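Quick one, fold the following:
(2 chains)
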Number of protein chains: 2
Amino acid sequence: MATEPENRKVSTDPYKGVRDFYPEDMYVQNYIFSIMRKAVESFGYEEYTASILEPAELYKSKTSEEIVNEQTYSFKDRGDREVTLRPEMTPTVARMVAGKRRELAFPLRWYSIPNVFRYEKPQRGRLREHFQLNVDLFGIESLWGEVEIISLAHSLLKAFGAKDDAFIIKINNRKILNYLFDEVFKISKTDARTLTRLIDKKNKVPAEEFQSKVEAILGEQTFLFLNIMTAENVESFKKVVENSISRDILGIKETEEIMSHLEGLGITNVVLDLTLARGFDYYTGIVFEIFDTHDDNNRSVFGGGRYDDLLSVFGTDKVPAIGFGMGDVTTRDFLETHELLPEYLSKTDLVLCVIEEKAVEFALHLAADLRDEGINVAVDTSGRKIGQQIKAADDHHVAYIIAIGEEEMAHKVYTLKELGSGTETSHKTEHAIAEEIKAHA
Amino acid sequence: MATEPENRKVSTDPYKGVRDFYPEDMYVQNYIFSIMRKAVESFGYEEYTASILEPAELYKSKTSEEIVNEQTYSFKDRGDREVTLRPEMTPTVARMVAGKRRELAFPLRWYSIPNVFRYEKPQRGRLREHFQLNVDLFGIESLWGEVEIISLAHSLLKAFGAKDDAFIIKINNRKILNYLFDEVFKISKTDARTLTRLIDKKNKVPAEEFQSKVEAILGEQTFLFLNIMTAENVESFKKVVENSISRDILGIKETEEIMSHLEGLGITNVVLDLTLARGFDYYTGIVFEIFDTHDDNNRSVFGGGRYDDLLSVFGTDKVPAIGFGMGDVTTRDFLETHELLPEYLSKTDLVLCVIEEKAVEFALHLAADLRDEGINVAVDTSGRKIGQQIKAADDHHVAYIIAIGEEEMAHKVYTLKELGSGTETSHKTEHAIAEEIKAHA
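As a prediction, the model looks like this:
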């Protein structure tokens, strides 16, 4: 067990593209998670989770091919099983629901805050590991599913203190896209698939490149297509395509109904966006995404959609499903942009600083009694000078200290010092100390 | 996107040796974690975490060789980096502390509840993925570190409702073992290492096999060794070896002092156990383990020890450290054995059952108002018969329902039904409903 030679020292860096959470980072993370939990539980959602290790076959059908082929961490275990670190939670929750299809009572409202893994180049808002609130509603076939999920997404941002003008909810419907491809443009399934992926990447390629790629598929219909893509509500969409489309097609009717119900619930920052595609193949109806409206962070924060067919890959009956995933990194960017994150505060209320060695045992007993009063208290047993002990407490953002020495042991009168203001108060019992701290919490 | 043919359906089983947490499992897990958090935060510990992905080199020095070679999930990423799914948290926390050695204020009290991975045969109390409360105290060189960490371990079990006679705290000191090997038995470092591993596996091999393996190393000193191994306190240990040992050697003095301080704090279920070795090589002083005393679960629940040299592998100054890891699986086994787990309770307080489609919008508004009153409420928009809706609420262990139909819309009087007892109460406002529910929570 000799010390390693200097030249072989181990690096203190984490693995590339993942994060260490020091207590101040963890505080922000826990704040975000606690608001998420509170908001979704208020809508009756119950928490579940699963391992990050999944059989690789789970991702080989229905999920986005790009992700399976290029963006997952997959490896063979020592028993030659193919294992994948989950890149998203939806296939896992579908697997769990399918596995207990007959025992579970529907409608089922489930949430989880798993970490998910993607092997991609680290960049703003995209890391190799991130956490993602997943909210899913199973068993509601009607549009009330969409109404609930989108109003829950809206409530979530409100719970973080966001104003309605801080974000916009863009919705689209795969059924409208499918109608356009099949009935208006009359293109093949392969072309439709290529076009969907083009739409999804629209903002990532130059406008000219986008247009020329669309022309290769749609020819002279390109002009109509580009006009459709800029429609911002059902009315303008209808206007553009009024010669080519029936007003009663399902996708349109659904989208109008959802927007009208949301308006009834007071949610008005909703727009139709026909360019909204989302990456996964499993969506079957409405897809939606929340966009930050702030100039400094003008991007997608989170989104989701309906995926009624996903459970069929497990051989079970069809189970209607709709949900969304809200990542911690994009959420944190949104909250930072709108100055909605709280300041760090230690969960430790009080440090007992120990003036001399013989006071340690006394301080430990006092600490135990204060814990019984509901106070979180650390005892500094480092033996360092009292000034250093107080500085350490302050560096940890602990609000209060009490110095314990011969005086305190003899008279049992304690001076509680609030480090921020320097205010000192004198107390004779643990209960009085606890009351003083709680009164200012 | 056609349905997969039946013969290619995907399995709903999780990966071998890991767990799915359905809401009722999650409830137990969250209960265990919440008690852990509360207990360690009451001692002034702050939460941190890190990714499960770590550079493989982190485990190549100092940690147990058996684990590195046979029991980790390691693979090469697409950039040819060797990655390991952390098998334990101690190297990670050491890395993080070493990485910010100069910025962090000591003493440092940190905790985390990470999941850790070991590729081993699944069996009772041993899974391939489990969670583990990790508690570490950095910067205390004196025995007050041991006193705090062991009394915190004791407090943790008390916080779960365990009585003192439900468990026993066994302690040993690597310094005593080292003294015996070097000064009493005078054996080589290699033999000492072999003997330590033999001791660690003592209860897993037949007594005769153990004795013959010891004899191969110690020869005629075997009788003395076996006597030493049965000593249950410092006095009996001294008696056995009084001709061979100085009463003043550090390991003995330390152990006596710690046991005496713990007794002073009212912790008396502590015994010396010289057969306690623990698997990791990085321990430098006291090691301890909590054992369940119940006949049905007579095994180690959790443990830890002092590891003052671990940070030196990062090339930083020595940082004294002591801590423990408490696994969720063994903790749950302990709590189940002693009947200390709570019954499942849904976090959803109330389900609004909807008698007819036209009442949905009304119910959604009522639900929103009830959420503002702090009530967690789901609306059943499935459109199924009222009886089925009530059964689903009951299956989810939700305590209350209100049925909403024409009557309720017209008169705004709501009948709150408690499903357990069948008791019905009548209320005219959301506030009154909320008060009734909170009064019985």
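
In terms of helix, strand or coil, where does A:E289 fall?
strand (DSSP: H, G, I helix; E, B strand; the rest coil).

Low-confidence ranges, the stretch 301-441 of chain A, go.
For the stretch 301-441 of chain A, no stretch has pLDDT under 70.

now the helices for the stretch 301-441 of chain A?
Remark: helices assigned in the stretch 301-441 of chain A by DSSP state H, counting those that start in this stretch are A:328-337, A:360-372, A:386-395, A:406-411, A:430-439.

what does the stretch 1-150 of chain A give?
Using DSSP H, counting those that start in this stretch, helices in the stretch 1-150 of chain A cover A:23-42, A:65-70, A:90-99, A:144-159.

Would you tell me which of those helices gets closest to A:A207?
Minimum separation from A:A207 across the helices of the stretch 1-150 of chain A (C-beta to C-beta) falls at helix A:65-70, 22.8 Å. From N, CA and C alone the C-beta is placed, and that goes for glycine too.

CA atoms only for the lengthiest strand in chain A, dumped as PDB, please.
Under DSSP state E, the strand in chain A containing the largest number of residues is strand A:129-138. C-alpha atoms of strand A:129-138 as PDB (Å, rounded to 0.1, in the frame of the first residue of the first chain):
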ATOM      1  CA  GLU A 129     -25.600  12.000 -19.100                       C
ATOM      2  CA  HIS A 130     -28.500  14.100 -18.000                       C
ATOM      3  CA  PHE A 131     -31.600  13.700 -15.900                       C
ATOM      4  CA  GLN A 132     -35.100  13.900 -17.300                       C
ATOM      5  CA  LEU A 133     -38.500  14.200 -15.700                       C
ATOM      6  CA  ASN A 134     -40.700  11.700 -17.500                       C
ATOM      7  CA  VAL A 135     -44.400  12.100 -17.200                       C
ATOM      8  CA  ASP A 136     -46.800   9.500 -18.800                       C
ATOM      9  CA  LEU A 137     -50.500   9.000 -18.800                       C
ATOM     10  CA  PHE A 138     -51.700   5.600 -19.900                       C
END
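
how long is stretch A:394-414 from one end to the other?
19 Å (C-alpha to C-alpha, to the nearest Å).

which of the residues in it are buried?
For stretch A:394-414, the buried set under the neighbour-count rule, 16 or more other C-beta atoms under 10 Å in any protein chain shown, comprises A:396-405, A:408-409, A:414.

got the angle for the helix or strand hosting A:E256 vs helix B:360-372?
Element membership for A:E256 (DSSP states H and E) is helix A:250-264. If you take axes from the mean of the first three to the mean of the last three C-alpha atoms, to 10 degrees, helix A:250-264 sits at 40 degrees to helix B:360-372.

Could you list the buried residues of helix A:250-264?
Buried-residue list, helix A:250-264, by 16+ other C-beta under 10 Å: A:G251, A:I252, A:E254, A:T255, A:E256, A:I258, A:M259, A:H261, A:L262.

Over to stretch A:159-170?
Buried-residue list, stretch A:159-170, by 16+ other C-beta under 10 Å: A:F160, A:A162, A:A166, A:F167, A:I169, A:K170.

So which of the residues you listed is the closest to chain B?
Relative to chain B, the closest of those is A:F160; by C-beta to the nearest C-beta it sits at 15.4 Å.

Share the number of residues neighbouring the residue of the stretch 201-350 of chain A found nearest chain B, please.
Relative to chain B, the nearest point of the stretch 201-350 of chain A is A:G315 (3.6 Å; C-beta to the nearest C-beta). A:G315 has 18 neighbouring residues, counting by other C-beta atoms under 10 Å in any protein chain shown.

got the phi/psi numbers for it?
The phi/psi pair for A:G315 (degrees, to the nearest 10) reads phi 80, psi 10.

distance of it from A:Y283?
21 Å (C-beta to C-beta, to the nearest Å).

So is stretch A:136-152 next to chain B?
Yes - counting by C-beta under 8 Å from any C-beta of the partner chain, chain B is contacted by stretch A:136-152 at A:G139, A:I140, A:S142, A:W144, A:G145, A:V147, A:E148, A:S151.

And the first one, what's its pLDDT?
A:G139 carries a pLDDT value of 96.

Make sure it is actually in contact with A:P107.
Yes - A:G139 lies in contact with A:P107 (C-beta atoms under 8 Å); the separation is 4.0 Å.

circling back to that earlier point, select only the buried ones of the residues of stretch A:136-152 next to chain B in ChimeraX?
Those of the residues of stretch A:136-152 next to chain B that count as buried under 16+ other C-beta under 10 Å are selected in ChimeraX with:
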select /A:139,140,144,145,147,148,151
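
Please list all residues in contact with A:G405.
A:V354, A:I355, A:E356, A:A359 (C-beta atoms under 8 Å, 6 or more residues apart in numbering or on different chains).

out of those residues, who has the most neighbours?
A:V354 (25 neighbours).

show me what contacts it?
A:V360, A:A363, A:V379, A:D380, A:T381, A:G383, A:Q389, A:A403, A:I404, A:G405.

Low-confidence ranges, the stretch 101-250 of chain A, go.
Using pLDDT under 70, the stretch 101-250 of chain A drops low at A:121-125, A:232-234, A:240-250.

got the residues of it near chain B?
Counting by C-beta under 8 Å from any C-beta, the stretch 101-250 of chain A sits next to chain B at A:105-107, A:109-110, A:115, A:117, A:119, A:128-129, A:139-140, A:142, A:144-145, A:147-148, A:151, A:155.

my guess is A:E289 meets A:K170, correct?
Yes - using C-beta under 8 Å, A:E289 is in contact with A:K170, at 5.2 Å.

shared neighbours of these two, anything?
In terms of C-beta under 8 Å, 6+ apart, A:E289 and A:K170 are both contacted by the residues A:D273, A:L276.

Now for the nearest residue to A:E57 once chain neighbours are set aside, how many residues are close by?
With C-beta to C-beta, 6 or more residues apart in numbering or on different chains as the criterion, A:E57 has its nearest non-adjacent residue at 5.8 Å, and that residue is B:V10. B:V10 has 21 neighbours, counted by other C-beta under 10 Å.

which among the buried residues of stretch A:159-170 gets closest to A:Q211?
A:K170 (21.6 Å).

would you say that closest one is within a helix?
No - counting by three-state DSSP, A:K170 falls outside a helix, being strand.

Now do the contacts for the closest residue to it other than its chain neighbours.
Closest residue to A:K170 apart from its sequence neighbours, by C-beta to C-beta, 6+ apart: A:D273 at 3.9 Å. For A:D273, the contact set (C-beta under 8 Å, 6+ apart) comprises A:K170, A:I171, A:N172, A:E232, A:E289.

isn't A:V10 right up against B:L58?
Yes - counting by C-beta under 8 Å, A:V10 does reach B:L58; the two are 6.1 Å apart.
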